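J.: I need the structure of the sequence given here:
(one chain, ligands or ions: 1)
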Amino acid sequence: MEKIPVTDNHIHVDHINGEGPLEVAKKFQRAGGTFMIIPNKPTWTAGESSNFQEAMEQVIGYVNEINANTDVEAFAVVGAHPAELSRLIKEGVPLKKAEEMMRDALQTAQGLVMENKAIGIGEIGRPHYEVSSEELEIHNRLILYAMELAVEADCAVQLHTESSGEEQFSEFAKMAHEAGMDKHRVVKHFSGPMVLQRENHGLTPSLIATRKVIVEGLKKGNNFLMETDYLDMSSRPGAVLGPKTVPRRTWELLRNGTLTEEDAYYIHVENVEKVYGIDLGF
Ligand SMILES: [Zn+2]
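T.: Residues are numbered from 1 along each chain as shown. The predicted structure follows:
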């Protein structure tokens, strides 16, 4: 079997709390990985009193480090995680001010995309935990705003949200429509096998690379991405899938005939190129 490129669409690296970019990239590469799409982590994991801009620049630094020193090609995605808003509110920042700070952060993210330092805005969205209706409204306004910024910058958006079924996908698709955004470029990170158009309403699901989810997804089609959501945190080693999972899963499913080479190529190259508007050179 020819070597097929493999992309992890959502993998974190962290030199402060984990092994850092080079170790993670090398593990990924040894397992057969080719491309890593790396969103920045929240400000509180990016170093003491780090701000939004610093957290975003940190991930761009990681990406440059990987690209200069390994055979993996990495890309940054930059944004303000929804938990940042919750944290600001908890710290006593007034709602209006907190929303303003989040909007500023999203503008910073857009600027970095326009400078070609990142390929998308994310992870942005709304929390996976319950919040007040006032806070939820702000999150929804911020999602719409991030999509508007993405339209201007001609880039993708990666959404972090509560666990989402058809109803949530439909809601995000409506927001994309309102923002004038191509729905295919709205990526639902940490998705279940929401591969059918009637399930995802045109959004791109990034499937968590467990055997169960990927096998289920492949029964419906190939219009998805694959990810681990690896955190690179030594304190939470088993919190999510390890950095080798996407290449390993891909090869396992190719070998046992569940995944065809054509589908693998679509998932790991063509769809990535379409969603992010990049050329992977394959
Ligand atoms: Zn993440």
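J.: which residues of the protein fall in helices?
T.: For the chain, helices defined by DSSP state H occupy the ranges 21-30, 52-69, 82-90, 95-114, 133-153, 166-179, 197-200, 211-220, 245-255, 261-265, 271-276.
J.: Packing partners of the fifth one?
T.: Helices and strands touching helix 133-153, by 3 or more C-beta pairs under 8 Å, 6 or more residues apart in numbering; DSSP states H and E, are helix 82-90, helix 95-114, strand 120-125, strand 156-160, helix 166-179. All C-beta atoms are positioned from the backbone trio N, CA, C, and that covers glycine.
J.: For residue 162, give me its contacts.
T.: 126-129, 168 (C-beta atoms under 8 Å, 6 or more residues apart in numbering).
J.: before we move on, what about residue 232?
T.: Counted by C-beta under 8 Å, 6+ apart, residue 232 has contacts 12-14, 17-20, 24, 243.
J.: Going by neighbour count, which of those comes out on top?
T.: residue 24 (30 neighbours; other C-beta atoms under 10 Å).
J.: Residue 228 is in contact with that residue, correct?
T.: No: with contact defined as C-beta atoms under 8 Å, residue 24 does not count as touching residue 228 (10.2 Å).
J.: shared neighbours of those two, anything?
T.: Residues touching both residue 24 and residue 228 (C-beta under 8 Å, 6+ apart) are 11, 243.
J.: Under the pLDDT cut-off, which ranges of the protein? List them.
T.: 1-2, 48-49, 237-239 (pLDDT under 70).
J.: so residue 207 sits right up against residue 191, yeah?
T.: Yes: the pair residue 207 / residue 191 is scored as a contact, 5.6 Å apart, by C-beta under 8 Å.
J.: so what's in contact with the two at the same time?
T.: Both residue 207 and residue 191 are in contact with residue 224, where contact means C-beta under 8 Å, 6+ apart.
J.: Residue 204 is in contact with residue 10, correct?
T.: No: counting by C-beta under 8 Å, residue 10 stays clear of residue 204, with 11.9 Å between them.
J.: Just the closest of the contacts of residue 162 to residue 43, please.
T.: residue 127 (15.6 Å; C-beta to C-beta).
J.: quick one: contacts for the closest one?
T.: Going by C-beta under 8 Å, 6+ apart, residue 127 touches 82-83, 86, 139, 162.
J.: can you do 7 Å?
T.: 82-83, 86, 162 (C-beta atoms under 7 Å, 6 or more residues apart in numbering).
J.: same question, residue 120
T.: Contacts of residue 120 (C-beta under 7 Å, 6+ apart): 77, 113, 155-158, 276.
J.: Return the members of these classed as buried.
T.: Neighbour-count burial (16 or more other C-beta atoms under 10 Å) is assigned, among the contacts of residue 120, to 77, 113, 155-158, 276.
J.: which of those sit farthest apart?
T.: 113 and 158 (11.9 Å).
J.: quick one: residue 126 and residue 83, what's the gap?
T.: To residue 83, residue 126 is 10 Å away according to C-beta to C-beta, to the nearest Å.
J.: ditto for residue 205
T.: According to C-beta to C-beta, residue 205 and residue 83 sit 21 Å apart.
J.: More neighbours: those two, which one.
T.: The neighbour comparison of residue 205 against residue 83 (other C-beta under 10 Å) goes to residue 205, with 26 against 19.
J.: Could you find the closest non-adjacent residue to the more buried one?
T.: Distance criterion C-beta to C-beta, 6 or more residues apart in numbering; nearest residue to residue 205, sequence neighbours excluded, is residue 191 at 3.7 Å.
J.: Quick check, the one you found in contact with residue 204.
T.: No: the criterion here is C-beta atoms under 7 Å, and residue 191 misses it with residue 204 at 8.7 Å.
J.: Quick one: neighbours of the nearest residue to residue 216 once chain neighbours are set aside, just the number.
T.: Excluding the flanking residues, the one nearest residue 216 by C-beta to C-beta, 6+ apart is residue 193, at 3.9 Å. Residues lying near residue 193 (other C-beta under 10 Å) number 22.
J.: my guess is residue 193 meets residue 209, correct?
T.: No: the pair residue 193 / residue 209 is not scored as a contact, 11.4 Å apart, by C-beta under 7 Å.
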